[in-house]
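# okay, predicted coordinates and the sequence, questions at the end:
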Protein chains: 2
Amino acid sequence: MDQRVSFVTLAVADVARSRAFYVDALGWSEDVYVEGEVLMIRVADKVVLSLWQREGFESEVGPLAPGGGFAPITLAHNVGTTDEVDAVVAEAVAAGGTLHREPEAREWGGYTGYVLDPDGFAWEIAFNPGEIGQVVLP
Amino acid sequence: MDQRVSFVTLAVADVARSRAFYVDALGWSEDVYVEGEVLMIRVADKVVLSLWQREGFESEVGPLAPGGGFAPITLAHNVGTTDEVDAVVAEAVAAGGTLHREPEAREWGGYTGYVLDPDGFAWEIAFNPGEIGQVVLP
């Protein structure tokens, strides 16, 4: 099993609502959209973000955990400066995301804020001054 | 907000156990390991998989959903043939993963199986004959 992730798939309640956020509001380009089923968006070289209608996800993968609290994952969008963190958080909120944590300095040396997508998935908007934060920048 | 994911972060119960699976058993290379805190592994160009000890995750991101069922996400590892799906599922299980769904043909045209990591995160081992399945291959 080689060291790579090809798809990140999130189960969503309404794929049309996901599309309104990611494609219409944020302006991201879709690769695949099947109404009521799935939306796929390229988010890195050889990596696709797939928003999969919950019913399809559950029938293939299995029953989901009941609600309450956060899913135990975050997706990060890293930028090169703290000012960009503030700007991207504002942009994501303007696009209909929900502000979850105002950007602030973190004890590990970075500066991050969190915005929730329509299903409550947490996007971390991050400046990470460490080496590992540099390798992910465009 | 540009169209990209920089990090995929999973909250884990025991980062040493995650390391035993991903690094020791699967043979993946770590970029960052801080005992009891975090393990970071490059999984695509400019994308890092971060396994973050649950306590640290919750203190920064917020309280997690209680257990039961699956987290509403999967990570996929795509390969070029159905035979490779069978082989990689066997390899992941031999490394200590839990077989969750035997590989089988899916109605969307692919052939996939699911293996759970030590925290129950589902890895989909997938052959996807569609165009979107080709763009993620190495």
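Right, received. Where do you want to start? Numbers count the residues shown, from 1 in each chain, chains lettered A, B, ... in the order given.
# report the distance from the lowest-mean-pLDDT helix or strand in chain A to the chain centre.
Lowest mean confidence among the helices and strands of chain A (mean pLDDT, DSSP states H and E): helix A:54-61, at a mean of 89. The chain centroid and the centroid of helix A:54-61 are separated by 20 Å, computed with CA atoms, centre = their mean, to the nearest Å.
# per-domain residue ranges of chain A.
Following the assignment in automatic domain parsing, chain A carries domains at A:7-60, A:74-134.
# how about TSV for those, with mean neighbour count added?
In this view, the C-beta of every residue, glycine as well, is placed from N, C-alpha and C. TSV is the format used below for the domains of chain A (neighbours: other CB atoms under 10 Å in any protein chain shown):
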stretch	mean neighbour count
domain A:7-60	18
domain A:74-134	18
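# how about TSV for those, with distance to chain B added?
Shown next, in TSV, are the domains of chain A (distance: least, CB to the nearest CB, whole Å):
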stretch	distance to chain B
domain A:7-60	4
domain A:74-134	4
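# and of those domains, who's closest to B:His100?
domain A:7-60 (10.8 Å; CB to CB).
# which elements pack onto the least confident helix or strand of chain A?
strand A:7-12 (3 or more CB pairs under 8 Å, 6 or more residues apart in numbering or on different chains; DSSP states H and E).
# helices or strands next to the strand it packs on in the packing?
strand A:47-53, helix A:54-61, strand B:73-79, strand B:122-127.
# make it 7 Å
Applying 3 or more CB pairs under 7 Å, 6 or more residues apart in numbering or on different chains; DSSP states H and E, one finds that strand A:7-12 contacts strand A:47-53, helix A:54-61, strand B:73-79.
# and the contacts of it?
Identification of contacts with strand A:7-12 by CB atoms under 7 Å, 6 or more residues apart in numbering or on different chains yields A:18, A:47-54, A:57, A:64, A:119, A:121, B:5, B:8, B:72-76, B:78, B:136.
# need the pLDDT of A:Gly69.
As predicted, A:Gly69 sits at a pLDDT of 64.
# sorry, back to before: could I get the helices and strands packed on strand A:7-12 as TSV with distance to A:Ile132?
Output for the helices and strands packed on strand A:7-12, formatted as TSV (distance: least, CB to CB, whole Å):
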stretch	distance to A:Ile132
strand A:47-53	17
helix A:54-61	30
strand B:73-79	19
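# out of those, which is closest to B:Leu99?
Across the helices and strands packed on strand A:7-12, closest to B:Leu99 is helix A:54-61 (CB to CB), at 13.5 Å.
# can you check what angle separates the closest one from strand A:7-12?
130 degrees (axes from the mean of the first three to the mean of the last three CA atoms, to 10 degrees).
# in a markdown table, list the domains of chain A along with distance to B:Ala94.
Shown next, in a markdown table, are the domains of chain A (distance: least, CB to CB, whole Å):
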| stretch | distance to B:Ala94 |
| --- | --- |
| domain A:7-60 | 23 |
| domain A:74-134 | 29 |
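# now the top helix by length along chain A: mean pLDDT?
Assignment by DSSP state H gives helix A:82-94 as the longest helix of chain A. Summarised as a single mean, pLDDT over helix A:82-94 is 97.
# tell me what it is packed against?
With contacts taken as 3+ CB pairs under 7 Å, 6+ apart, helix A:82-94 sits against strand A:73-79, strand A:98-105, strand A:111-116, strand A:122-127.
# try 6 Å
Applying 3 or more CB pairs under 6 Å, 6 or more residues apart in numbering or on different chains; DSSP states H and E, we find helix A:82-94 packed against strand A:98-105, strand A:111-116, strand A:122-127.
# partner strands of the last one, with direction?
Read that as strand A:122-127. strand A:73-79 (parallel), strand A:111-116 (antiparallel) (DSSP bridges).
# which stretch among the helices and strands packed on strand A:7-12 comes nearest B:Glu35?
strand B:73-79 (23.8 Å).
# taking strand B:47-53 as reference, get the angle to the closest one.
140 degrees.
# next one: strand B:73-79 to chain centre, how far?
The mean C-alpha position of strand B:73-79 is separated from the chain mean by 7 Å, CA atoms, centre = their mean.
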